[in-house]
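Peer 1: have a look at this prediction, sequence included:
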Amino acid sequence: MQGVLVVDKPQGLTSHDVVAVARRALGETRIGHTGTLDPLATGVLPLAIDRATRLVRFLTASDKDYAAVIRFGVTTDSYDITGAETSRTDEIPSRDAIVAAIAALTGEYLQEPPAFSAKKIAGQRAYDLARKSKPVALRPVPVRVGRADLIDVAAGRAHVTLTCSAGFYVRAFAHSLGHITGTGACLEALRRTRSGAFTLDTAVSMTSLQDHASVAASLVPLEALLPHVPAVSLTERGRVHVAHGRELGPDDYAPTMTDSDWVRLFDLSGALVALASPGQTPGALHPSVVLI
């Protein structure tokens with residue numbers, strides 16, 4: 001079994017918990033997730049199985065869609081409702097103030113990750129330092145919010161949907177909304193509805209992991225992964241060169257490639273055998289990630 005299985009992660013489990021359950025249920029040791037979800041969060045968690053684990057770095061780089069519930073008037077040390085409360089107020093911002101704050105947090109900017117995050121500082125996880133009340137200084141990272149829409153405001157809570165870049169912290173987004181509106185805020189609920197090309201439409205439940213027929217029917221094969229990456233077909237000689245890690249010349253594949261950072265390489269049977277990057281000479285391709 002190899003490819004990507006999209007799991008609808010339930011609340012209360014870590015992404016590593018889901019991987020552990022999947023390994024036992026499927027009898028596969030080579031399984032990795034493609035983008036961490038906090039225990040509070042639910043939704044799309046793609047699991048790469050067997051040779052697909054070699055593609056994780058490409059799968060994690062995609063944009064994500066979320067549906068978030070943000071509670072105003074409460075702040076916590078983790079920026080979500082599971083953390084220790086650090087402030088509380090009865091003040092609730094107006095709808096106009098929330099809309100303006102969301103607009104201010106849309107586009108490209110630097111976001112400071114939460115102290116309670118998996119980011120490393122001198123080899124230590126930030127959350128380990130935060131739990132010991134040690135200072136945590138994380139460098140802001142460039143992020144992008146392509147879309148952020150206020151769906152509803154009720155009972156001091158804003159329901160927001162957003163599309164953001166990989167590495168974006170919705171918890172930090174909620175905290176910033178509270179800072180901008182002046183009332184404080186934290187993330188109360190979060191559901192990931194899309195990760196790259198993977199959506200809830202093809203997701204299986206945790207209980208379905210025990211049903212191998214259901215898993216097989218839902219598995220996204222290697223050949224269907226990374227559809228946005230250009231593809232070429234190898235000749236027989238080209239496939240042999242890939243198997244040996246040799247650079248490919250223009251006669252080893254068709255059609256002629258345009259400029260691209262990465263190219264998917266398919267053999268004559270239609271199997272994905274590698275991802276290649278530009279070679280040393282014009283028209284050459286270097287098989288950087290070999291799947292055979």
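Peer 2: Ah, there it is. This is a predicted model, so every value here is computed, not measured.
Peer 1: only C-alpha atoms from now on, for both contacts and neighbour counts.
Peer 2: Fine.
Peer 1: the helices in this protein, which residues?
Peer 2: 15-26, 56-59, 95-104, 126-131, 170-181, 212-218, 236-243 (DSSP state H).
Peer 1: among those, where is the model least confident on average?
Peer 2: In terms of mean pLDDT, the lowest-scoring of these is helix 126-131 (a mean of 61).
Peer 1: show me the strands in the stretch 51-200 of the chain, by range?
Peer 2: Under the criterion DSSP state E, counting those that start in this stretch, strands of the stretch 51-200 of the chain are mapped to 64-72, 74-76, 85-88, 107-111, 120-121, 124-125, 141-154, 157-164, 185-195, 198-199.
Peer 1: weakest of those by average pLDDT?
Peer 2: Sorting these by mean pLDDT places strand 120-121 lowest, at a mean of 60.
Peer 1: need the contact list for Pro113.
Peer 2: By CA atoms under 8 Å, 6 or more residues apart in numbering, the contact list for Pro113 reads 119, 138-141, 169, 172.
Peer 1: ok, these vs Gly245, which is closest?
Peer 2: Lys119 (33.7 Å; CA to CA).
Peer 1: what distance do you get for the nearest residue to Leu177 once chain neighbours are set aside to Ala84?
Peer 2: For Leu177, the nearest residue in space outside its immediate sequence neighbours is Ala101; the separation is 5.8 Å by CA to CA, 6 or more residues apart in numbering. Distance, Ala101 to Ala84, by CA to CA, to the nearest Å: 24 Å.
Peer 1: need the contacts of Pro113 in JSON lines with neighbour count, can you?
Peer 2: Converted to JSON lines, the contacts of Pro113 look like this (neighbours: other CA atoms under 10 Å):
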{"residue": "Lys119", "neighbour count": "15"}
{"residue": "Leu138", "neighbour count": "16"}
{"residue": "Arg139", "neighbour count": "12"}
{"residue": "Pro140", "neighbour count": "12"}
{"residue": "Val141", "neighbour count": "12"}
{"residue": "Tyr169", "neighbour count": "18"}
{"residue": "Ala172", "neighbour count": "21"}
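Peer 1: which of the residues you listed lies closest to Pro10?
Peer 2: Minimum distance to Pro10 across the contacts of Pro113 is 18.8 Å, recorded for Tyr169 (CA to CA).
Peer 1: and that closest one, what does it touch?
Peer 2: Counted by CA under 8 Å, 6+ apart, Tyr169 has contacts 113-114.
Peer 1: next one, pLDDT for it please.
Peer 2: Reported pLDDT for Tyr169: 94.
Peer 1: quick one on the thing from earlier: the strands of the stretch 51-200 of the chain: which one's closest to Ser205?
Peer 2: Across the strands of the stretch 51-200 of the chain, Ser205 has its closest neighbour in strand 198-199 (13.1 Å, CA to CA).
Peer 1: what does stretch 22-41 rub up against?
Peer 2: So stretch 22-41 is contacted by 9-16, 19, 45-51, 53, 56-57, 59-60, 82, 189-192, 209-210, 212 (CA under 8 Å, 6+ apart).
Peer 1: and those residues, which of them are buried?
Peer 2: Among the contacts of stretch 22-41, the ones that count as buried by 16 or more other CA atoms under 10 Å are 9-11, 14-15, 19, 45-51, 53, 56, 59-60, 189-192, 209.
Peer 1: what about the closest residue to Ala216 other than its chain neighbours, neighbour count?
Peer 2: The spatial neighbour of Ala216 that comes closest, neighbours along the chain excluded (CA to CA, 6+ apart), is Met1 at 7.9 Å. Using other CA atoms under 10 Å, Met1 has 14 neighbouring residues.
Peer 1: residues contacting Met1?
Peer 2: Met1 neighbours (CA under 8 Å, 6+ apart): 49-50, 216.
Peer 1: nearest to Ser288 among those?
Peer 2: Closest to Ser288, out of all of the contacts of Met1 and judged by CA to CA, is Asp50, at 17.7 Å.
Peer 1: and the helices of the chain, which is most packed in?
Peer 2: Among these, helix 170-181 has the highest mean neighbour count (mean count of other CA atoms under 10 Å), at a mean of 22.
Peer 1: hmm, back to that, redo the helices of the chain as TSV? Include distance to Pro39.
Peer 2: Shown next, in TSV, are the helices of the chain (distance: least, CA to CA, whole Å):
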stretch	distance to Pro39
helix 15-26	8
helix 56-59	21
helix 95-104	25
helix 126-131	14
helix 170-181	12
helix 212-218	23
helix 236-243	40
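Peer 1: since that was my last question, I'll sign off now.
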